[in-house]
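K.L.:
fold the following and give me the result.
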Amino acid sequence: MAMNPFVFACITPHGGEIIPELAGDRPDRMKLTRNSMVKLGTKMKEANPDTIIVLTPHGTRIDGQFSISNSERMMGSFDENDGYYEMERMVDRELALEITKAAKESGLAAGSINYATAAGPLSCLPLDWGAIVPLAFMPEIPIVVITPSREVPLEDHYKFGEVLRTVVQGSAKKIALIASCDWAHAHDENGPYGYDPAAAMLDEEVVGLFRSNELEKMVEFDPEYIEAAKPDGIWQTMILAGALPKEKRKIHLYSYEVPTYFGLICAEVTNADE
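P.N.:
Prediction:
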């Protein structure tokens, strides 16, 4: 099937301040990104998905395995700049289990995760800021949250993306995909990770790979280079690359900025024939 199986796909950042309620007294600081997120949210609403799959680096992590949410609901909050924001979403458990099963059948290490009770209101996992921030701009529909593991090779992240593609192609539902990614975190000596010249270099390379539609080349980044620049987006991007392979995708880069210590990219990923 040549068709893009996802009704909408995008790569978003997850800095808390992007959410208007958390911008504090510096609403202009992430304005470029916030405006891009509003556009992505509008396009997501127009695509009218039944479920959104969110790839986040900050969810419940299982060392060496892909972790797939299978609680009845998820709930989380985030506070920044004296602001507070909370969110609750239902989980598309049917889709979550299909993804888990297909990943295992492909030989990938994956587990679906739950908390407290098998079902009912107590079955609730925490919703992390990597999911909350992009979802704040999206329609309020069921989700599946997937957290990759950095112990798993990047090639397997690509393969996991191929599994997602196959599952979504076989589904009667309209499904959207968000890869929640921040980029290098070492842009500012006053930031929590300090300054490293690798940060600007890596972000520049990443923006170039977005522009040339060569996301797969992130596999070639040297681990020491990644460690120095400290991005958290490569793993989710590789899953998206497998789900929307190069010959089938077009990338529309909306914006890139570094208003604080980490890089923010917003991009829409569409079908090459669209």
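K.L.:
give me the low-pLDDT residue ranges for the stretch 151-274 of the chain?
P.N.:
Along the stretch 151-274 of the chain, segments meeting pLDDT under 70 span 274.
K.L.:
how near is Met238 to Ile11?
P.N.:
Computed as Cβ to Cβ, to the nearest Å, the Met238 to Ile11 distance reads 12 Å. Every residue, glycine included, has its C-beta placed from N, CA and C.
K.L.:
and the strands in the stretch 151-274 of the chain?
P.N.:
175-180, 249-257, 264-271 (DSSP state E, counting those that start in this stretch).
K.L.:
where exactly do the helices run in the protein?
P.N.:
Under the criterion DSSP state H, the chain contains helices at 31-47, 93-105, 129-135, 154-169, 198-211, 223-229, 234-243.
K.L.:
which residues touch Met90?
P.N.:
The contact partners of Met90, by Cβ atoms under 8 Å, 6 or more residues apart in numbering, come to 72-73, 142-143.
K.L.:
and what of Asp182?
P.N.:
Asp182 is in contact with 13-15, 231-233, 262-264, counting by Cβ under 8 Å, 6+ apart.
K.L.:
name the residues linked to it by a beta bridge.
P.N.:
Asp182 has these beta-bridge partners by DSSP bridges: Leu264.
K.L.:
what distance do you get for it to Ala136?
P.N.:
Asp182 sits 15 Å away from Ala136, going by Cβ to Cβ.
K.L.:
send me stretch 155-175 as PDB with only the CA atoms.
P.N.:
Output of stretch 155-175 as PDB, limited to C-alpha atoms (Å, rounded to 0.1, in the frame of the first residue of the first chain):
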ATOM      1  CA  GLU A 155      18.400   0.100  13.900                       C
ATOM      2  CA  ASP A 156      15.800  -1.600  16.100                       C
ATOM      3  CA  HIS A 157      14.000   1.800  16.600                       C
ATOM      4  CA  TYR A 158      13.700   2.000  12.800                       C
ATOM      5  CA  LYS A 159      12.400  -1.600  12.800                       C
ATOM      6  CA  PHE A 160       9.900  -0.700  15.500                       C
ATOM      7  CA  GLY A 161       8.700   2.100  13.200                       C
ATOM      8  CA  GLU A 162       8.100  -0.400  10.500                       C
ATOM      9  CA  VAL A 163       6.000  -2.500  12.900                       C
ATOM     10  CA  LEU A 164       3.900   0.600  13.700                       C
ATOM     11  CA  ARG A 165       3.400   1.200  10.000                       C
ATOM     12  CA  THR A 166       2.200  -2.400   9.500                       C
ATOM     13  CA  VAL A 167      -0.200  -2.300  12.500                       C
ATOM     14  CA  VAL A 168      -1.600   1.100  11.400                       C
ATOM     15  CA  GLN A 169      -2.100  -0.100   7.800                       C
ATOM     16  CA  GLY A 170      -4.100  -3.000   9.100                       C
ATOM     17  CA  SER A 171      -6.200  -0.900  11.400                       C
ATOM     18  CA  ALA A 172      -9.700   0.300  10.600                       C
ATOM     19  CA  LYS A 173      -9.000   3.400  12.800                       C
ATOM     20  CA  LYS A 174      -7.600   6.700  11.700                       C
ATOM     21  CA  ILE A 175      -4.300   7.000  13.500                       C
END
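K.L.:
still on that earlier bit, which of the contacts of Asp182 sits closest to Ala172?
P.N.:
Taking Cβ to Cβ as the measure, Ala172 lies nearest His14 of these, at 30.2 Å.
K.L.:
I'd say Ala47 and Ala9 touch.
P.N.:
No: taking contacts as Cβ atoms under 8 Å, Ala47 lies outside contact range of Ala9: 9.3 Å.
K.L.:
when those two are compared, which one has more neighbours?
P.N.:
Set side by side, Ala47 and Ala9 show more neighbours around Ala9, with 25 against 16, by other Cβ atoms under 10 Å.
K.L.:
alright, I will stop here.
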